[in-house]
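In: model the structure of this input:
(2 chains)
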Amino acid sequence: MARKKFQTLTEQMYYILLALTKECCGVDITESVREITHGRIIIGPGTLYSLLADFEKEGIIEATKTEGRRKSYIISAKGRELLNQEYERLRRQVEEGRQFFEVAFA
Amino acid sequence: MKKDKNKKHTLHPIPVYELGAIREYLEKMARKGWMFEGFHRNLFSFQKTALKDVYFYVDVFEQGSWFDTRAEEETLDYVEYCENAGWNYVCTNGKFQIFYTENPNAIPIETDLKKRLSLIMQFTFWSDILLPLIMVLNGLFYIISGCYMLHQYPDMIFEVSGTQCFTAFVWITLGLVKLVQMVRLFDFWIRNLIRLHKGKDIYFHSLRTVDVYSLFNVFVSVGALILSIVGMAYIDAKLAIIISLGMTLVLFVVAYFSSKTDRRKRSRKQNIKRMIVGTMAGVIIGCFLPILLVGYFLTGPLLGDDAQYTEIDENGDKVYYLYSQDEIPYTLEDAGYTFNDDGFRESSYIVTNGIISKDYSYTDSYCETIDGDWIYGIQYEKMEFRSKKWCAYWLQLLLENPENHLEERKDIADHWNSKTAYLRIYDYEGATEEDSELIILYDDYCYMVSMNMNDPKLVKKIFGSIS
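Out: Prediction:
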């Protein structure tokens, strides 16, 4: 079930996991993603909260510490594998597309 | 009680999925100097404010519960995320979370629009899909069963009580209103699925469109109720009017106390407890109060009846159980029956206020044991038609009904519009004279007597008393 749900990551999922390769407080992830993507991807707090809850439930991320209502997370081994798979998928897409683009726009 | 001039409460019906219209309404009120504080169903509360240009976000929180009237632990965590993104928390009501900001460029709370649409559709499932579907099916049931009944047995229209007719009318109207509501929701869902597929934003109807629709809703629902009460008044169904007004009053009282108590913010657990206790109390009151009020006080002393006891039957008709057989025109003894007094004897008088006829029915029955079948019964029925045409139509249906085994048909046919005529019917296959029914038309009234027709003295007595 979980595999199907996260078989292909959306852009928002992908960048949240990227941000969590370093330990990060949940509420600060929006800012981290904004920095990583130079403001291209913006994640609303509602979407972020919901995705973090889903990721934690599926063991994709792990909570590291809690200060008041602020909870910090880091990507788990399972999450890292998922992120690698997604990275590989995206890289292959770019590789496979490159030769066509190079011919088309040469 | 002194009215707080800094507070304002408005009643504004908006379908729960029209989050855009709710947002538009709150922003409109803020521009008028009223800051949103909280709401209960369609009742919104505001407080005077100096803030004018505020932007609201009506959010659906997945982990919220329908029983939330204040933020629970998980909601507070969620609020922390939203506040960090520049949104100010206003209130929680069920799965609704309302936020505002003064920054027009604040990040929307939900940026995954597919998720937002899915949450909206999930949380409207009970309120806008399942319950309306039950009401639509209920309305359809009334329409289909009514059409089937009138097609198979056209004369049944004379046996339907006014209370039944108007109840059906109200349910059918409410079913149609709910059908429109469901079609609108379906349109909202499909339209937005297509829009999201094309990469567009979720489309909500404007406040103006929603207001026009809500006005239509209120107009049709209240109109149906008023029409049914006027209709019941026309056919003189006092009891049905008392029940309708009583039920309407109970609904208003329940809504009033519910809105009063919901303003006190309780925890989810307390609200669930309150719901269970409230439902149980509602069931107890709903079951016993009508029996006490309608079954005893209203049908007895208030309506001026001195019968042994009275009740409302399943058709909404008023049934009087009589003290003695002297109060009915023809008794079992008159019909020639002999029996001992060891069994159970019941004599009743039923008044059916139909929409096209009024039916007075006296019954005298006897059975050997209290649990046994009726073994003797005599019924004397007088039908008063609201129009002569209905009387002629009813007789025509009787004559044309192939299931009726008629005797002395010529007699009534010859006196179709006469003052006096009679017709004898064996109303089912294999019925004997003892099971026959005698129909007497006299002076625009129809009298029906079901009993033993072999007794010439009895027939003479009936004719004698009528003419």
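In: near chain B, which residues of chain A show up?
Out: Chain A comes close to chain B at residues A:10, A:12, A:26-28, A:30, A:42-51, A:53, A:69-71, as judged by CB under 8 Å from any CB of the partner chain. The way it works is simple: take the backbone N, C-alpha and C, and place the C-beta from them, glycine included.
In: just the buried ones from those residues?
Out: A:12, A:26-27, A:30, A:43-51, A:53, A:69, A:71 (16 or more other CB atoms under 10 Å in any protein chain shown).
In: in helices, which of those appear?
Out: Judged by DSSP state H, those include A:12, A:30, A:45-51, A:53 as members of helices.
In: state the mean pLDDT of the longest helix seen in chain A.
Out: Identified as the longest helix of chain A according to DSSP H is helix A:77-104. Per-region confidence: helix A:77-104 scores 90 on mean pLDDT.
In: what about the nearest residue to residue A:11 once chain neighbours are set aside, which SS state?
Out: Leaving aside its chain neighbours, residue A:11 sits nearest to residue A:41 (5.8 Å; criterion: CB to CB, 6 or more residues apart in numbering or on different chains). Look at residue A:41: counting by DSSP: H, G, I helix; E, B strand; the rest coil, its state is coil.
In: was I right to think residue A:41 contacts residue A:34?
Out: Yes: with contact defined as CB atoms under 8 Å, residue A:41 reaches residue A:34; the gap is 7.3 Å.
In: ends of stretch B:383-394, what's the gap?
Out: 11 Å (CA to CA, to the nearest Å).
In: ugh, wrong one, I meant stretch B:29-44
Out: 10 Å.
In: can you pull the buried residues of the helix or strand hosting residue B:134?
Out: Assigned by DSSP states H and E, residue B:134 falls within helix B:131-152. Of all the residues in helix B:131-152, those buried under the rule 16+ other CB under 10 Å are B:132, B:135-136, B:139, B:142, B:146.
In: quick check: which element contains residue A:64?
Out: strand A:61-67.
In: er, residue B:46 I mean
Out: Short version, using DSSP H and E: residue B:46 is in strand B:43-48.
In: any idea how far stretch B:169-185 is from the chain center?
Out: 13 Å (CA atoms, centre = their mean, to the nearest Å).
In: quick one: mean pLDDT over it.
Out: 88.
In: CA atoms only: put that stretch into PDB for me.
Out: Taking Å, rounded to 0.1, in the frame of the first residue of the first chain, the C-alpha atoms of stretch B:169-185 are listed here in PDB:
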ATOM      1  CA  PHE B 169     -45.600  16.300  -0.100                       C
ATOM      2  CA  VAL B 170     -43.200  17.700   2.400                       C
ATOM      3  CA  TRP B 171     -40.800  14.700   2.100                       C
ATOM      4  CA  ILE B 172     -40.900  14.800  -1.700                       C
ATOM      5  CA  THR B 173     -40.200  18.600  -1.700                       C
ATOM      6  CA  LEU B 174     -37.300  18.200   0.700                       C
ATOM      7  CA  GLY B 175     -36.100  15.200  -1.400                       C
ATOM      8  CA  LEU B 176     -36.100  17.500  -4.500                       C
ATOM      9  CA  VAL B 177     -34.300  20.300  -2.700                       C
ATOM     10  CA  LYS B 178     -31.600  17.800  -1.600                       C
ATOM     11  CA  LEU B 179     -31.500  16.400  -5.200                       C
ATOM     12  CA  VAL B 180     -30.600  19.900  -6.400                       C
ATOM     13  CA  GLN B 181     -28.000  20.100  -3.600                       C
ATOM     14  CA  MET B 182     -26.400  16.800  -4.700                       C
ATOM     15  CA  VAL B 183     -26.400  17.800  -8.400                       C
ATOM     16  CA  ARG B 184     -24.700  21.100  -7.500                       C
ATOM     17  CA  LEU B 185     -22.100  19.200  -5.400                       C
END
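In: where along the stretch 51-200 of chain B do the helices fall?
Out: B:73-84, B:113-123, B:131-152, B:162-197 (DSSP state H, counting those that start in this stretch).
In: looking at those helices, which is closest to residue B:265?
Out: Comparison of those against residue B:265 by CB to CB identifies helix B:73-84 as nearest, at 12.0 Å.
In: what mean pLDDT does the closest one have?
Out: Averaged over helix B:73-84, pLDDT sits at 90.
In: ok so, going back, what's the strand holding residue B:46 in contact with?
Out: B:5-12, B:25-26, B:29, B:33-39, B:259, B:263 (CB atoms under 8 Å, 6 or more residues apart in numbering or on different chains).
In: mark which of those are part of strands, please.
Out: Residues of the contacts of strand B:43-48 located in strands (DSSP state E): B:7-11, B:34-39.
In: are any of those residues buried, and which?
Out: For these, buried by 16+ other CB under 10 Å: B:8, B:34-39.
In: least confident pick among these?
Out: Among these, residue B:39 carries the lowest pLDDT, at 86.
In: chain neighbours aside, what residue packs nearest to that one?
Out: Counting by CB to CB, 6+ apart, residue B:39 lies nearest to residue B:93, which is 5.9 Å off, once chain neighbours are set aside.
In: ditto for residue B:131
Out: Using CB to CB, 6+ apart, the closest residue to residue B:131 is residue B:178 (7.9 Å).
In: now do the contacts for the one you found.
Out: Applying CB under 8 Å, 6+ apart, the residues near residue B:178 are B:131-133, B:135-136, B:139.
In: next one: residue B:146
Out: residue B:168.
In: do you know how far it is from residue B:92?
Out: Counting by CB to CB, to the nearest Å, the separation of residue B:146 from residue B:92 is 45 Å.
In: around chain A, pick out the residues from chain B.
Out: Counting by CB under 8 Å from any CB, chain B comes close to chain A at B:59, B:61-63, B:76-78, B:80-82, B:84-85, B:87, B:107-112, B:115-116.
In: quick one: buried ones out of the residues you listed?
Out: With neighbours counted by 16+ other CB under 10 Å, the residues of chain B next to chain A contain buried members at B:59, B:61-62, B:77-78, B:80-82, B:84-85, B:87, B:107-112, B:115-116.
In: before we move on, the earlier item: and the helices of the stretch 51-200 of chain B as a markdown table, adding distance to residue B:223?
Out: Listed next are these as a markdown table, based on distance: least, CB to CB, whole Å:
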| stretch | distance to residue B:223 |
| --- | --- |
| helix B:73-84 | 40 |
| helix B:113-123 | 30 |
| helix B:131-152 | 16 |
| helix B:162-197 | 8 |
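In: quick one: which of the ones you listed is nearest residue B:281?
Out: That would be helix B:131-152 among those, by CB to CB, at 21.1 Å.
In: quick check: angle from the closest one to helix B:162-197?
Out: 130 degrees (axes from the mean of the first three to the mean of the last three CA atoms, to 10 degrees).
In: pull helix B:131-152 out as PDB, backbone CA atoms only.
Out: These are the backbone C-alpha positions of helix B:131-152, laid out as PDB (Å, rounded to 0.1, in the frame of the first residue of the first chain):
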ATOM      1  CA  LEU B 131     -28.000  12.200   4.300                       C
ATOM      2  CA  PRO B 132     -29.300  14.000   1.200                       C
ATOM      3  CA  LEU B 133     -29.200  10.700  -0.700                       C
ATOM      4  CA  ILE B 134     -31.400   9.100   2.000                       C
ATOM      5  CA  MET B 135     -33.800  12.000   1.700                       C
ATOM      6  CA  VAL B 136     -33.800  11.800  -2.100                       C
ATOM      7  CA  LEU B 137     -34.500   8.000  -1.900                       C
ATOM      8  CA  ASN B 138     -37.200   8.700   0.600                       C
ATOM      9  CA  GLY B 139     -38.800  11.200  -1.700                       C
ATOM     10  CA  LEU B 140     -38.500   8.800  -4.600                       C
ATOM     11  CA  PHE B 141     -40.000   6.000  -2.600                       C
ATOM     12  CA  TYR B 142     -43.100   8.200  -1.900                       C
ATOM     13  CA  ILE B 143     -43.400   9.100  -5.600                       C
ATOM     14  CA  ILE B 144     -42.900   5.600  -6.900                       C
ATOM     15  CA  SER B 145     -45.100   3.900  -4.300                       C
ATOM     16  CA  GLY B 146     -47.800   6.600  -4.800                       C
ATOM     17  CA  CYS B 147     -47.800   6.200  -8.600                       C
ATOM     18  CA  TYR B 148     -47.800   2.400  -8.400                       C
ATOM     19  CA  MET B 149     -50.700   2.500  -5.900                       C
ATOM     20  CA  LEU B 150     -52.800   4.900  -8.000                       C
ATOM     21  CA  HIS B 151     -52.100   2.900 -11.100                       C
ATOM     22  CA  GLN B 152     -53.000  -0.400  -9.600                       C
END
